[in-house]
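# sequence and computational prediction follow.
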Amino acid sequence: MANQFIYNSSQLSYAILGTGALGGYYGACLQKSGLDVHFLLHSDYEYVSKHGLVVESKNGDFTLPQVQAYSETSKMPPCDVVIVALKTTQNHLLPQMLPNLVKENGVVLVLQNGLGVEDEVAKIVGSNRVMGGLCFLCSNKVGAGHIRHLDYGEIKMGEYAANYQTAGITKRMQQIANDFESAGIKMQLAEDLLLARWQKLVWNIPYNGLSVVLDARTDELMGNSHTRSLVEELMWEVVAGAKSCDRTIPQNFVETMLQYTDKMKPYRTSMKIDYDEKRPLEVEKMFGNPLKFSQARGANLPKITMLYQQLKFLDSRNSS
Ligand SMILES: NC(=O)C1=CN([C@@H]2O[C@H](COP(=O)(O)OP(=O)(O)OC[C@H]3O[C@@H](n4cnc5c(N)ncnc54)[C@H](OP(=O)(O)O)[C@@H]3O)[C@@H](O)[C@H]2O)C=CC1
Ligand SMILES: CC(C)(CO)C(=O)C(=O)O
């Protein structure tokens, strides 16, 4: 059963693990709204310690001349909410980062794309201290401490319970959602985190995968009848993957995702940006784990399997 704990403190403290496109944007919004936010940085540490963060956003640009910046988690104070905003390719660092950073009654909120990360985090901090969020955000880091928020931003957040059992809506979710709402971020509360994760994959699997394999933006994939059909067929395979996990994605969801992408400004997916920048791709959490989940339950997803194999090849060649 998910934790029903209601925080006593009037104000929650937040740690942001990975102050990049996503963590930098949400963390800066939370700090701007008056919350106590602690940012873990990597290559930008020196710069951000001196100059803070700059956010260019379609909702209004702003600067935070001073932020609480850290280069190591061991120097950070324990926080109520620890937001995981690293790329999933860095998740091998979590066993060392999380244990002392999350307060005893605190929670780790995984905002990464993909499937199965909450299972891994639960092994580190216990399954009653984990939540997940799906971010409908288009944001890039364009320089040291410089975030460009292009579009959207809503988060769909859900409680984790062991083996992704449905955990419902809890008080602490509402409390955290209120903080995000006060910071100008639209929130949706999901009763079933696993269903929400599969729904997000309906978008990520076709577009992130095909954008790399076919060297294409979203508008190009939608504008050609062959790739448009391929996108749709991949989406139906994700629906079948969800079904194998006893989660039903409504029939009209695929059509909604296609329409949503038709209306989007031409977009280079995050996986394509990583590929172009020769960074490791988030293939395992976004493709490998959904395939593992489905295969363990007897489902065969041939098109997603092929995309996974192609991405593994490209990822390995890109890093050599
Ligand atoms: N960007 C977006 O709009 C969206 C992103 N997501 C998901 O959010 C997650 C984060 O993506 P995104 O923000 O785009 O990625 P970024 O690469 O922009 O951000 C990740 C940050 O983590 C930092 N980092 C890496 N290693 C360490 C380390 N050892 N210690 C501290 N910090 C470290 C990086 O710093 P450095 O660069 O200095 O190495 C970087 O700033 C991914 O799972 C992605 O799929 C989901 C929806 C939308
Ligand atoms: C669909 C999109 C681009 C923005 O909502 C996104 O969420 C992602 O890149 O993962």
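Now that the structure is in, tell me what you want to look at. In this text the structure is predicted, and so the values were computed from the model without any measurement. Ligands and ions are numbered 1, 2, ... in the order given.
# list the contacts for Val239?
Listed by Cβ atoms under 8 Å, 6 or more residues apart in numbering, the contact set of Val239 reads Val202, Ile249, Phe253, Val254. Glycine gets a C-beta too; all of them are placed from N, C-alpha and C.
# is it fair to say it lies in a helix?
Yes. Checked against DSSP: H, G, I helix; E, B strand; the rest coil, Val239 lies within a helix.
# show me what Ala69 is bridged to.
Beta bridges link Ala69 to Phe39 when assigned by DSSP bridges.
# give me the neighbour count for it.
Neighbours of Ala69 under the rule other Cβ atoms under 10 Å: 23.
# any idea how far it is from ligand 2?
Using Cβ to the nearest ligand atom, to the nearest Å, Ala69 is found at 26 Å from ligand 2.
# confirm for me that that residue is in contact with Lys50.
No. At 9.0 Å, Ala69 and Lys50 do not qualify as touching, with contact defined as Cβ atoms under 8 Å.
# re earlier: out of the contacts of Val239, who's nearest Ile273?
Checking those against Ile273 with Cβ to Cβ, the nearest one is Val202 at 20.7 Å.
# gap between that closest one and Leu12?
32 Å (Cβ to Cβ, to the nearest Å).
# just give the number of residues close to the closest residue to Arg217 other than its chain neighbours.
In this structure, Arg217 finds its nearest non-sequential neighbour in Pro266, 4.8 Å apart by Cβ to Cβ, 6 or more residues apart in numbering. The number of residues packed near Pro266 is 10, by other Cβ under 10 Å.
# please identify the helix or strand for Trp236.
helix 225-244 (DSSP states H and E).
# quick check, distance from that helix to the centre of its chain.
The gap between the average C-alpha position of helix 225-244 and the chain average comes to 21 Å, counting by Cα atoms, centre = their mean, to the nearest Å.
# that one close to ligand 2?
No. Judged by Cβ under 6 Å from any ligand atom, helix 225-244 makes no contact with ligand 2; its nearest approach is 12.7 Å.
# circling back: which SS class is the residue nearest to Arg217?
Per three-state DSSP, the secondary structure class of Pro266 is coil.
# so what's it up against?
By Cβ under 8 Å, 6+ apart, the residues touching Pro266 are Arg217, Thr218, Asp219, Glu220.
# coming back round to it: could you dump the contacts of Val239 to a markdown table with pLDDT, neighbour count and distance to Glu284?
Below are those laid out as a markdown table (pLDDT from 0 to 100; neighbours: other Cβ atoms under 10 Å; distance: Cβ to Cβ, whole Å):
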| residue | pLDDT | neighbour count | distance to Glu284 |
| --- | --- | --- | --- |
| Val202 | 98 | 23 | 19 |
| Ile249 | 98 | 21 | 22 |
| Phe253 | 98 | 17 | 25 |
| Val254 | 98 | 18 | 25 |
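# how near is the residue nearest to Arg217 to ligand 1?
For Pro266 relative to ligand 1 (Cβ to the nearest ligand atom), the value is 15 Å.
# confidence score at that residue?
As predicted, Pro266 sits at a pLDDT of 93.
# repeat for the one 5 residues further on
Among the per-residue scores, Met271 shows a pLDDT of 97.
# count of residues packed around it?
25.
# again, but for Ala161
20.
# just checking, it touches Ala167?
Yes. Counting by Cβ under 8 Å, Ala161 touches Ala167, with 4.0 Å between them.
# out of the contacts of Val239, which sit inside helices?
Mapping the contacts of Val239 onto helices (DSSP state H) picks out Val202, Phe253, Val254.
# for those, which one is nearest ligand 2?
Using Cβ to the nearest ligand atom, Val202 comes nearest to ligand 2 of the ones in helices among the contacts of Val239, at 10.0 Å.
# and the closest one, what does it touch?
Listed by Cβ under 8 Å, 6+ apart, the contact set of Val202 reads Met235, Val238, Val239, Ile249, Phe253, Val254, Met257.
# would you format the residues you listed as CSV with distance to Lys156 included?
Listed next are the contacts of Val202 as CSV, based on distance: Cβ to Cβ, whole Å:
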residue, distance to Lys156
Met235, 18
Val238, 16
Val239, 17
Ile249, 14
Phe253, 13
Val254, 17
Met257, 14
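# and of the residues you listed, the nearest to ligand 1?
Each of the contacts of Val202 was checked against ligand 1 using Cβ to the nearest ligand atom; the closest is Met257, at 14.6 Å.
# I'm done for today, thanks for sticking with me.
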